[in-house]
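Visitor: after the sequence you'll find the predicted model.
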Amino acid sequence: MSQKARPTSIVAGLVAFLGVAACAGFLFTQNPRMTAQRVKDYANSINFSSLSPDDRARAIRDLADKVNSLSLEERRRWRMDGSWRIWFEEMTEEEKATFIDATLPVGVTQIINEFENLPGDKRRRTIDDAMKQLRDTHKLPMKEPGQDVDAYGTNGPPQMSADLEKRVLAIGLRTYYRESSPQTKAELAPLLEELQHQMQGTAKLN
């Protein structure tokens, strides 16, 4: 390469690099990190009950995509906030099932199977740890200004219930989940997510 051509190629390369960097920066600003608040804002911006069937299906897919983009901590915040109930309660049973299937963590079936294969005392210890984490997380201040009760209502969410823990241990998580309604699966989802987190953490330590 000639001495005259070399500076030209360097400049061209620098221009190309700056162009790619600028494009990446633009895309980053257009796709900021997904948060529980952004998911809530999206849900609140749409009158779900007024949508046509096709638009409802599209909106459910969009909401599921946003939920799946949340980190574990942000997903916890989103669930505890309770704004998801506004749409969920207006969904048909088929729509609820579709939404639950779309937003369950990847590999949740494997986690259920692994949990069922644990010895009885290990299952109890694992679920105790998961329930404790959920109860501790539930103590975070997630109430709206002026709201008298938390977003789950006065009865509290099933995943915080000691009765749920007993049923899961007695019946078996696989059977209990398989026979549950979409509504119960929605309430059970945080426990499944926490079990996955607990069991994956234990696997890394081992």
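Guide: Thanks, I have the structure now. Residues are numbered from 1 along each chain as shown.
Visitor: just the helices in this protein please.
Guide: With DSSP state H as the definition, the chain shows helices at residue ranges 5-30, 36-44, 53-68, 72-81, 84-88, 93-103, 108-116, 120-138, 162-171, 173-178, 182-205.
Visitor: and the second one with helix 72-81, angle?
Guide: Calculated by axes from the mean of the first three to the mean of the last three Cα atoms, to 10 degrees, helix 36-44 forms an angle of 40 degrees with helix 72-81.
Visitor: what do you get for the third one?
Guide: Our comparison of helix 53-68 with helix 72-81, counting by the same axes, to 10 degrees, yields an angle of 130 degrees.
Visitor: same question, the last one
Guide: Regarding helix 182-205 and helix 72-81, their directions subtend 160 degrees when assessed with the same axes, to 10 degrees.
Visitor: ok so, going back, just send the helices of the chain back as CSV, with mean pLDDT and mean neighbour count too.
Guide: (Each C-beta comes from the backbone N, C-alpha and C, glycine too.) Compiled in CSV, the helices of the chain are given as follows (pLDDT from 0 to 100; neighbours: other Cβ atoms under 10 Å):
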stretch, mean pLDDT, mean neighbour count
helix 5-30, 45, 10
helix 36-44, 93, 17
helix 53-68, 95, 15
helix 72-81, 83, 19
helix 84-88, 86, 18
helix 93-103, 91, 16
helix 108-116, 85, 16
helix 120-138, 82, 15
helix 162-171, 78, 14
helix 173-178, 86, 16
helix 182-205, 78, 18
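Visitor: can you list the domains in the chain?
Guide: When the chain is parsed with automatic domain parsing, its domains come out as 22-101, 104-142+151-206.
Visitor: correct me, but Trp78 touches Tyr42?
Guide: No: the pair formed by Trp78 and Tyr42 falls short of the contact definition of Cβ atoms under 8 Å, at 10.9 Å.
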